[in-house]
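J.: How does the following fold in three dimensions:
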Amino acid sequence: MEMKHALVALLLFGYAFAGLSISSYVVSPDSVEPGGSGYITITLSNPSTQDKVERVSLIVTSAGELGANRNIFVGTLEQGASTIVTIPFQSSSNLSSRVYVIEAKAVGYTDTYTYDPNRDRFIKSSSEYVEKAATIPLKVVKKPILSVSLSSENLEDMTSETIAISNSGGKATNLRLRITSGGLGFLGTDALYFGEVSESSSRSATIDARGASDGPAKLSLLLTYSDELGQETSESKEIPITIKKGEGDFRFSQQAPITTGKDDTLVLVVTNMGDPVSDLQLTFPPLSGVVLRGMNKVEIGSLARGESKTISVPLVASLPPGTNSVQASLSWVEKGENREGTTTVPLSVKSDSEVGVFLEANPTPLASGGQHTLSVTVSNLGSYSIQGVTVWLESEALTLLTVQPEQYIGGLDKDDFSSVQYKVQVGNVAPGNHDATVKVTYRDASGARITETKPVVIRVEAPAQSGDGTGTILLLGAVALAVGYWYFRMRKKPKAVQ
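T.: So this is what the prediction gives:
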């Protein structure tokens with residue numbers, strides 16, 4: 001026997017030329033709803049160049065609710081041949097959303113050949129069973145069924161809207177809504193974020209229609225969300241609208257911030273960008289958070305094209321610190337006709353933040369040359385919580401035995417208070433009143449860093465004098481009255497002393 005034949009015999013002795021493969025599969029559609037149907041296309045192939053596979057069958061098994069169980073006889077696959085088998089399925093309507101598994105197994109029989117050195121050729125020795133399997137994922141998901149509505153389908157230049165989304169299907173998460181119509185958009189943001197919508201959700205926004213034309217139109221919306229399997233989907237919605245813009249074109253510019261909850265004066269510069277107008281009046285609706293003082297409306301008067309006028313508006317604004325877009329109503333006369341419209345006035349509002357300071361000494365009274373513990377209590381007298389509160393105490397009459405003159409309190413809610421303690425050595429000073437300063441630094445509700453300096457007077461007695469136990473540290477002027485009232489009213493619920 002030639003050497004090459006011997007080498008081939010060693011390599012192929014007992015080797016089965018099994019040629020059966022599940023070469024590919026396609027699920028259509030790629031996901032179905034509970035109760036939905038579809039089909040799976042499976043390609044079987046025989047990649048062998050030596051053997052054919054006979055009595056080929058495809059066995060498909062799955063959970064009974066998927067309706068995909070099948071046993072299909074295929075027949076013979078010649079060398080290098082392939083065939084396509086289509087398996088329909090019908091899912092149950094009570095399936096939950098998740099990825100299900102379908103098992104596909106191809107089986108058949110192929111001849112096995114071995115090398116016979118005596119006859120110098122390969123001969124059939126047996127018929128061998130072959131099997132190949134594949135796992136096919138099937139996504140079943142209850143898709144969201146979304147509808148969008150507006151609180152008003154009549155839009156002006158600037159219109160405050162409540163946009164509601166209803167969902168009669170599966171849960172939608174991370175839902176965002178954008179306006180895709182030309183000339184229309186949300187004021188101050190590109191998209192509204194709704195988050196998770198199981199049944200319904202709503203958001204308030206101002207729609208800016210200044211770039212759109214008057215008349216009937218379509219508000220085109222793009223919703224992007226993830227379904228219960230986390231698959232992100234986008235879909236478009238259209239809502240019929242009518243754009244009715246007033247012909248006036250006014251700009252409002254605030255000259256200085258106003259303080260929330262306080263009697264204040266809003267200074268605005270009003271500029272007319274359109275045709276000349278007369279009898280221009282401005283009002284704020286009852287729920288706008290702005291209440292005029294001593295008037296029902298603001299009389300602006302006549303404005304030529306391009307003319308600006310500065311107006312002062314006495315008001316009280318119950319608005320949070322920061323920039324607020326406030327809807328206002330306008331009326332004017334233009335070209336001899338009465339006109340009405342709405343506008344959005346951006347108002348910069350600062351916090352009414354204020355702190356009170358109260359000092360106590362232990363033991364009392366403060367004695368010249370003595371060591372005492374001073375308790376500094378800080379109260380939040382504003383309408384909003386404050387954060388990052390720190391206290392700094394200094395006086396020429398005192399030497400601080402505490403390591404740091406600055407101590408940290410943290411956050412204080414409205415009407416809340418907290419205390420820090422200082423160990424002090426009273427200097428050899430003459431009996432009487434001496435100046436001290438308490439600096440309180442904090443961030444208000446708008447995030448601004450505020451430092452308030454509170455001057456106080458401390459009274460020092462001669463060492464021989466005995467105290468009456470009532471404390472000897474006084475606050476100056478009006479601060480003493482305000483904080484004293486607060487202290488005796490609120491003292492029954494002190495926070496832990498740091």
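J.: alpha carbons only for contacts and neighbour counts from here, please
T.: Will do.
J.: Low-confidence regions, the stretch 201-350 of the chain specifically.
T.: Along the stretch 201-350 of the chain, segments meeting pLDDT under 70 span 245-247.
J.: quick check: domain ranges of the chain?
T.: Here the domain parsing of the chain from automatic domain parsing is 3-140, 146-243, 250-350, 355-490.
J.: Dump the ones you listed to JSON lines, plus mean neighbour count.
T.: Listed next are these as JSON lines, based on neighbours: other CA atoms under 10 Å:
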{"stretch": "domain 3-140", "mean neighbour count": "17"}
{"stretch": "domain 146-243", "mean neighbour count": "17"}
{"stretch": "domain 250-350", "mean neighbour count": "17"}
{"stretch": "domain 355-490", "mean neighbour count": "18"}
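J.: Could you tell me how far the residue of the chain most remote from its centre is located from Asp111?
T.: Of all residues in the chain, Asn118 has its C-alpha farthest from the mean position, at 81.4 Å, by CA atoms, centre = their mean. Asn118 sits 21 Å away from Asp111, going by CA to CA, to the nearest Å.
J.: At which residues are the helices of the chain located?
T.: 3-12, 477-490 (DSSP state H).
J.: Compare those and say which comes out lowest on pLDDT.
T.: Per-segment mean pLDDT for the helices of the chain reaches its minimum on helix 3-12, at a mean of 36.
J.: Can you check the pLDDT for the closest residue to Lys52 other than its chain neighbours?
T.: In space, and not counting its chain neighbours, Lys52 is closest to Glu78: 4.4 Å by CA to CA, 6 or more residues apart in numbering. Looking at Glu78, its pLDDT is 89.
J.: and what of the one 5 residues further on?
T.: Thr83 carries a pLDDT score of 93 in this model.
J.: Tell me which residues touch the residue nearest to it when sequence neighbours are not counted, please.
T.: Once flanking residues are discounted, Thr83 sits nearest to Leu44: 5.3 Å by CA to CA, 6+ apart. Taking CA atoms under 8 Å, 6 or more residues apart in numbering, we find Leu44 in contact with 20-24, 82-85, 106.
J.: Quick check: the residue nearest to Lys52 touching Arg55?
T.: No: if you go by CA atoms under 8 Å, Glu78 and Arg55 don't touch, sitting 11.4 Å apart.
J.: quick one on the thing from earlier: show me the beta-bridge partners of the residue nearest to Thr83.
T.: On the basis of DSSP bridges, Leu44 is bridged to Ile22, Thr83.
J.: Could you report the separation of it from Phe89?
T.: 19 Å.
J.: picking that back up, enumerate every residue touching the residue nearest to Lys52.
T.: Contacts of Glu78 (CA under 8 Å, 6+ apart): 46, 51-53.
J.: got it, and Arg70?
T.: 58-61, 87.
J.: surely Glu299 meets Val270?
T.: No: when contacts are counted by CA under 8 Å, Glu299 is not listed as touching Val270 (11.6 Å).
J.: which residue packs closest to Leu177, ignoring adjacent ones?
T.: Leu223 (4.7 Å).
J.: Tell me the spacing between the one you found and Ala191.
T.: 10 Å.
J.: The residue nearest the centre of the chain - nearest residue in space that isn't next to it in sequence?
T.: The structure's the chain has its C-alpha centroid closest to Tyr193; by CA atoms, centre = their mean the separation is 6.7 Å. In space, and not counting its chain neighbours, Tyr193 is closest to Arg176: 4.6 Å by CA to CA, 6+ apart.
J.: just Val99 next, same as before
T.: With CA to CA, 6+ apart, the residue lying closest to Val99 is Lys139, at 4.4 Å.
J.: try Thr310
T.: Val269 (4.4 Å).
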